[in-house]
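Asks: Okay, sequence plus prediction incoming.
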There are 2 protein chains.
Amino acid sequence: MSLKHGLLGLLNYGSMTGYELHKVFQNSLNFFWQAQVSQIYRELNAMEKKGWLTSEYEMQTDKPNKKRYTITKSGRQELKNWLNHGRLEDAMTIRSAFMMEIFFSGERSTRENLEQLKTFADLCEKSLVRMDEADASVSNYEKVTKESDRVLYWMLTASFGRRYFEMCLRWAKDAIQILEEE
Amino acid sequence: MSLKHGLLGLLNYGSMTGYELHKVFQNSLNFFWQAQVSQIYRELNAMEKKGWLTSEYEMQTDKPNKKRYTITKSGRQELKNWLNHGRLEDAMTIRSAFMMEIFFSGERSTRENLEQLKTFADLCEKSLVRMDEADASVSNYEKVTKESDRVLYWMLTASFGRRYFEMCLRWAKDAIQILEEE
DNA sequence: TGGGTCATGTAACCTGTTACATGATTAG
DNA sequence: CTAATCATGTAACAGGTTACATGACCCA
């Protein structure tokens, strides 16, 4: 039930269309949750049926019409409930197809494994660069809006992301060294 | 398609029943992939239809009959293919409902957030203890079997797990400090 | 002339979760 | 007496992925 609540959280900041939500999602929640546009439309529909949202059409002549969603009182209540029932158990689980691959890498040659780990290390570095950009845009936002209580928590998630990729990079480098010493 | 390939990898070590696979899964892949028993049975069925596995019944009088699965040549080929087409893109994504919660924690009181972070830090410490136990059992296995090429990669995934939880713990402690200084 | 942006979705499929069912044996 | 272990599953539902459809406008 996390995508629904992610969308709820964003709509709590202000009314938006599905299309706009998708773009906002991409620049914020996307670091730790992924969603296709089509899925967003489906969820918005379901959420409206539950009474968490209302919608109204905005007619346009030059472009397709818009369907703007607004959070309701019951939607805000649902968001609060969700925040109060922590997802801590979930927080302790890792789900990584890549680690599964590593687990079975004894069936592959060391040369292939080294190659794979080096590409992984490379991607980690690229992700770190992207985190720098994200940080910059968040702290810029802070200067402009002064919504510092929200921004503090956004920065905490960003810092988690950065540390995650740093950890991955260190792990990969150490793994490469171990394999090369063989 | 990762659960299928995880099961394939385990069956590559030796023939097993669904029930046994579930237990082996719990003590190995479970650190980075989770699966219900019922899902395992369903996937085994699908994999047999694809020709990756064959099965035979083992009759028992005192206990329920067993259905033992064996990997086929085409199953081994599939495993190899899977290993050769890296899942690196996937490796770069984090999916965490907990981080989504943190992202929206500006809507909650600082007191509640501190409580949540402290519980999280606690759980990280517990996970680290479990990683110690896992490490011990893997290195014990190594001494017994001498399958050192496989064990090397298992240890790499375990080391990733440990580092992940260590990172989480440090992040949580730093976050707590930031909130307390407010 | 082709591709991108704007904006909505539907349909089919795959994967994951939860609840339920059976029925004997064994350990506390 | 109760709960766990052994061993198989089915059914329903929720959530995520992929492919497809429409149609105008703008930019190179």
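Replies: Okay, I see it. Residues are numbered from 1 along each chain as shown, chains lettered A, B, ... in the order given.
Asks: Kindly provide the distance from the nearest residue to residue A:1 once chain neighbours are set aside to DNA strand D.
Replies: Take residue A:1 and drop its neighbours on the chain: the residue closest to it by CB to CB, 6 or more residues apart in numbering or on different chains is residue A:82, 7.5 Å away. C-beta coordinates here come from the backbone N, C-alpha and C atoms, glycine included. Distance check for residue A:82 against DNA strand D: by CB to the nearest atom of the strand, to the nearest Å, it reads 11 Å.
Asks: Show me which residues of chain A are close to DNA strand C?
Replies: Residues of chain A lying close to DNA strand C (CB under 7 Å from any atom of the strand) are A:17-20, A:23, A:37-38, A:41-42, A:44-45, A:60, A:63-68.
Asks: Of those, which ones also sit close to DNA strand D?
Replies: Restricting the residues of chain A next to DNA strand C to those near DNA strand D - CB under 7 Å from any atom of the strand - leaves A:38, A:42, A:63-64.
Asks: doesn't residue A:57 fall inside a helix?
Replies: No - read with DSSP: H, G, I helix; E, B strand; the rest coil, residue A:57 is strand and lies in no helix.
Asks: Any idea what it is bridged to?
Replies: Per DSSP bridges, residues listed as beta-bridge partners of residue A:57: residue A:67.
Asks: who's in contact with it?
Replies: Listed by CB atoms under 8 Å, 6 or more residues apart in numbering or on different chains, the contact partners of residue A:57 are A:65-68.
Asks: which among those end up buried?
Replies: Applying 16 or more other CB atoms under 10 Å in any protein chain shown to those, the neighbour count classes residue A:66 as buried.
Asks: Going by distance to chain B, which of the contacts of residue A:57 wins?
Replies: Nearest to chain B among those: residue A:68, at 21.1 Å, using CB to the nearest CB.
Asks: What subset of the residues of chain A next to DNA strand C is buried?
Replies: Buried among those by 16+ other CB under 10 Å: A:17-18, A:41, A:44, A:66.
Asks: before we move on, the earlier item: turn the ones next to DNA strand D among the residues of chain A next to DNA strand C into JSON lines, including pLDDT and secondary structure.
Replies: Listed next are these as JSON lines, based on pLDDT from 0 to 100; DSSP: H, G, I helix; E, B strand; the rest coil:
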{"residue": "A:38", "pLDDT": "96", "secondary structure": "helix"}
{"residue": "A:42", "pLDDT": "97", "secondary structure": "helix"}
{"residue": "A:63", "pLDDT": "73", "secondary structure": "coil"}
{"residue": "A:64", "pLDDT": "77", "secondary structure": "coil"}
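Asks: Most widely separated two among these?
Replies: Pairwise distances across those peak at 22.5 Å for A:42 and A:63 (criterion: CB to CB).
Asks: Wondering if the longest helix along chain A reaches chain B at all.
Replies: Ranked by residue count under DSSP state H, the longest helix found in chain A is helix A:110-145. Yes - contact between helix A:110-145 and chain B, assessed by CB under 8 Å from any CB of the partner chain, occurs at A:112-113, A:116, A:119-120, A:123-124, A:127.
Asks: other SSEs contacting that helix?
Replies: On a contact count with 3 or more CB pairs under 8 Å, 6 or more residues apart in numbering or on different chains; DSSP states H and E, helix A:110-145 meets helix A:148-180, helix B:88-91.
Asks: Please name whichever of those helices is nearest to DNA strand D.
Replies: Among the helices and strands packed on helix A:110-145, the nearest to DNA strand D by CB to the nearest atom of the strand is helix B:88-91 (8.7 Å).
Asks: Now find how far off-centre the next helix or strand after the closest one is within its chain.
Replies: Using DSSP states H and E, the next helix or strand after helix B:88-91 towards the C-terminus is helix B:97-103. Averaging C-alpha positions (CA atoms, centre = their mean, to the nearest Å) puts helix B:97-103 22 Å from its chain's average.
Asks: Give me the contacts around helix B:97-103.
Replies: Contacts of helix B:97-103 (CB under 8 Å, 6+ apart): A:2, A:5-6, A:9, A:28-29, A:31-33, A:82-83, A:86-88, A:90-91, A:153-154, A:156-157, A:160, B:116, B:120.
Asks: next one: stretch A:61-75
Replies: By CB under 8 Å, 6+ apart, stretch A:61-75 touches A:8, A:11-12, A:15-19, A:21, A:44, A:47-48, A:50-60, A:79.
Asks: now, which of the residues you listed lie within strands?
Replies: A:16-17, A:53-58 (DSSP state E).
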